[in-house]
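# Just the structure for this:
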Amino acid sequence: MDKEAEVLLVTGIANPKPLKKLLEENSYAYHMLPYADHHIFTIDDLRDITKEFEKIKSKNKVILTTEKDAVRLVKFSEELMHLPVYVVPVSHRFLFNEGEQFYKLVTDFINNFKKE
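Residues are numbered from 1 along each chain as shown. Below is the predicted model:
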């Protein structure tokens, strides 16, 4: 990410704190349009996003969203085509390093599943 860029963060996730921290550390400034978790974007939201983006005076500006929200914005691909929209990949992690335990539970269940 360009540290000189001004970013409009558009997100509907439960915990945007890690994204905000990333932007605080890696951008000149950021503005946020928060939406509720699992928000379904409407044409009015698209208008708000465009309006907020146009308010940013910097010539070096981008819109940033998560993969999760990008999926919900894809229906506006044509309208967003002329804007610099970037998507942050989302990855999962298991708390307390329990990933192996989870995979073993799932694998054991599948291997022991019997059709009746």
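# Point to the residue nearest the middle of the protein.
Thr66 (1.3 Å; C-alpha atoms, centre = their mean).
# quick one, what contacts that one?
Thr11, Ile13, Leu19, Val87, Val88, Val90 (C-beta atoms under 8 Å, 6 or more residues apart in numbering). The way it works is simple: take the backbone N, C-alpha and C, and place the C-beta from them, glycine included.
# For the second one, give its distance to Val88.
From Ile13 across to Val88, the span is 10 Å (C-beta to C-beta, to the nearest Å).
# Find the residues that touch each one of those two.
Taking C-beta under 8 Å, 6+ apart as the criterion, Ile13 and Val88 both touch Leu19, Thr66.
# how about the strands of the chain, start to end?
In the chain, the strands defined using DSSP state E lie at 6-11, 29-34, 61-66, 85-88.
# So for the second one, what gets flagged as buried?
Spelled out, it's strand 29-34. Within strand 29-34, the residues scored as buried using 16 or more other C-beta atoms under 10 Å are Tyr30, His31, Met32, Leu33.
# Which residue, other than its chain neighbours, is closest to the second one?
With C-beta to C-beta, 6 or more residues apart in numbering as the criterion, His31 has its nearest non-adjacent residue at 5.1 Å, and that residue is Leu8.
# so where's this structure uncertain?
1-2, 114-116 (pLDDT under 70).
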